[in-house]
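J.: model the structure of this input:
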Amino acid sequence: MLVRLAVVFAAAHRPLFLAGVLNFALLMIWWTVTLFDIYIWPIGIASGEGPASLLHAPVMLFLMVPSFFFGFLLTVFPRWIGYPDLDQQQYVPIGSAFIIASVVAWTALVGGNNNLLAIGLCIAGLGWLTALWHMIALLTAERRDGKGPTWHGWSAFAALCFGLAGLGFSVKFLLTLDAQAYQIASSLGTFGFLLPIFFTVAHRMIPFFAGNVVKDYVVWRPYWLLALLWVFLMAHLVMQICGYNDLQFVSAAALFTLTATMLWRWWPRQQAPGLFMVLIWGFAWAPIGFALIATVSFAEFAGFGFGLGKAPVHALYIGMAGSLVIAMVTRVTLGHSGRPLAMNRLSWLAFSGIQLSAIARIVAGVRGEHGHWFVLAGGVWILLVTPWTVRQARIYLTKRADGKAG
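T.: Presented below is the predicted three-dimensional model:
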């Protein structure tokens with residue numbers, strides 16, 4: 001047992017990615033069974049202290065997603081700034097917090113206990129705070145040493161602060177069932193946390209990866225682009241929290257233009273390996289999602305009905321975020337386990353499953369949030385993505401294939 005724990009905590013990404021992939025499978029299994037209970041056949045799983053349909057956003061936004069984010073950022077953040085990797089004393093408490101929080105959350109979800117789920121999120125919050133402490137220490141050291149600033153580092157740090165605030169509002173919702181707290185948490189989690197992190201990492205890493213694998217590739221990642229993304233994400237966040245849904249088409253149209261431009265400039269003009277192309281194809285969901293948001297908002301502004309339910313934001317949640325998780329986690333895991341950098345069958349299966357699940361969720365919105373399509377989206381995810389999560393988990397529980405440390 002001690003040997004296995006030593007392997008899990010041999011590198012910063014291992015415990016956090018382990019928690020992330022387990023949540024990637026187990027939370028979706030719980031959610032799909034819950035949807036089945038609500039829309040197809042009551043089996044009692046959806047009963048609890050509050051509406052079970054409102055629980056999946058907090059656990060996925062503030063438990064599953066940050067596990068992947070911290071697993072990646074704690075690995076690359078020091079390197080971005082030019083400092084040594086974090087040591088075990090720094091990252092073990094963070095990984096441990098997210099693993100413990102996940103176990104508590106699974107118990108709470110199965111038992112329908114909102115208070116216990118709030119405790120689970122608070123445990124994750126402790127790991128979150130610890131990670132922010134180490135990150136700000138690196139950023140201030142950079143300033144003290146007369147280097148930088150590393151704008152990608154500051155951008156990621158700012159987004160993580162928004163995310164921690166969203167986690168706090170989620171805890172308030174779980175303890176009080178305050179609908180306003182739920183709305184603020186979801187808005188902060190989406191437009192202040194999830195999207196800024198993905199855009200920051202994409203802005204930094206996609207051109208870098210492309211420059212290494214695509215012949216004659218011209219790297220394009222201007223800082224003004226990152227700044228504009230923040231401006232319009234914040235504008236969208238404020239409008240959403242303040243209830244100006246009919247004006248969101250302005251910020252959504254701007255974000256569509258920016259992400260579509262990024263996609264066009266980053267798309268390789270020469271042959272590229274599959275491990276890079278999944279990043280591009282996954283990012284393609286970003287302009288699709290913003291186009292849908294802009295369309296719905298403009299229809300509301302113009303005074304005619306055009307309902308898509310929550311399909312537009314799920315194009316971002318499932319389509320973009322899900323695809324990029326598969327792409328980035330596969331790349332980091334292979335590279336840091338001494339394995340060849342190439343998509344394998346299970347990775348392709350999982351990536352395909354995410355695309356099909358996103359399409360099914362959008363169809364559900366088009367059809368008036370039809371519950372059967374919800375269940376189909378979840379079922380496809382479970383069937384096609386779970387084998388990938390099992391393989392990833394096995395890698396985190398075993399030593400590097402090349403015999404090196406880490």
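
J.: excluding residues flanking it in the chain, which one is nearest residue 256?
T.: residue 290 (3.9 Å; Cβ to Cβ, 6 or more residues apart in numbering). From N, CA and C alone the C-beta is placed, and that goes for glycine too.

J.: touching, that neighbour and residue 261? I think so.
T.: No: if you go by Cβ atoms under 8 Å, residue 290 and residue 261 don't touch, sitting 11.9 Å apart.

J.: quick one, which of those two is more surrounded?
T.: Neighbour totals were compared for residue 290 and residue 261, and residue 290 leads with 29 against 13 (other Cβ atoms under 10 Å).

J.: now residue 343: closest residue in space that isn't a chain neighbour?
T.: In space, and not counting its chain neighbours, residue 343 is closest to residue 274: 4.3 Å by Cβ to Cβ, 6+ apart.

J.: and for residue 84, the neighbour number?
T.: The burial count assigned to residue 84 is 7, neighbours taken as other Cβ under 10 Å.

J.: helix/strand/coil for it?
T.: coil (DSSP: H, G, I helix; E, B strand; the rest coil).

J.: now do the contacts for it.
T.: For residue 84, the contact set (Cβ atoms under 8 Å, 6 or more residues apart in numbering) comprises residue 78.

J.: again with the one 4 residues further on
T.: The neighbourhood of residue 88, defined by Cβ under 8 Å, 6+ apart, consists of residue 9.

J.: also residue 124?
T.: Residue 124 is in contact with 62-63, 66, 97-98, 101, 167, counting by Cβ under 8 Å, 6+ apart.

J.: any buried residues in the strand or helix carrying residue 207, and which?
T.: With elements delineated by DSSP states H and E, residue 207 resides in helix 195-213, which encompasses its position. Of the residues in helix 195-213, 195-207, 209-210, 213 count as buried by neighbour count, 16 or more other Cβ atoms under 10 Å.

J.: chain neighbours aside, what residue packs nearest to residue 265?
T.: Looking at residue 265 with Cβ to Cβ, 6+ apart, the closest residue is residue 220, at 4.7 Å.

J.: correct me, but that neighbour touches residue 207?
T.: Yes: at 6.0 Å, residue 220 counts as touching residue 207 under the criterion of Cβ under 8 Å.

J.: now do the shared contacts for those two.
T.: Common neighbours of residue 220 and residue 207, using Cβ under 8 Å, 6+ apart, are residue 266.

J.: residue 338 and residue 395 touch, don't they?
T.: No: between residue 338 and residue 395 no contact is recorded; they are 10.0 Å apart, counting by Cβ under 8 Å.

J.: neighbour-wise, which of the two wins?
T.: residue 395 (19 against 13).

J.: how close does that one sit to residue 208?
T.: With the distance defined as Cβ to Cβ, to the nearest Å, residue 395 ends up 23 Å from residue 208.

J.: mind listing what's buried in the longest helix along the chain?
T.: Of all segments of type helix in the chain, defined using DSSP state H, the longest is helix 114-144. By neighbour count on 16+ other Cβ under 10 Å, the buried set for helix 114-144 is 114, 116-128, 130-132, 134-135, 138-139, 142.

J.: and the angle from the helix or strand just after that helix to helix 195-213?
T.: Proceeding N to C from helix 114-144, the next assigned helix or strand is helix 151-176, under DSSP H and E. Between the axes of helix 151-176 and helix 195-213, defined by axes from the mean of the first three to the mean of the last three Cα atoms, to 10 degrees, the angle is 140 degrees.
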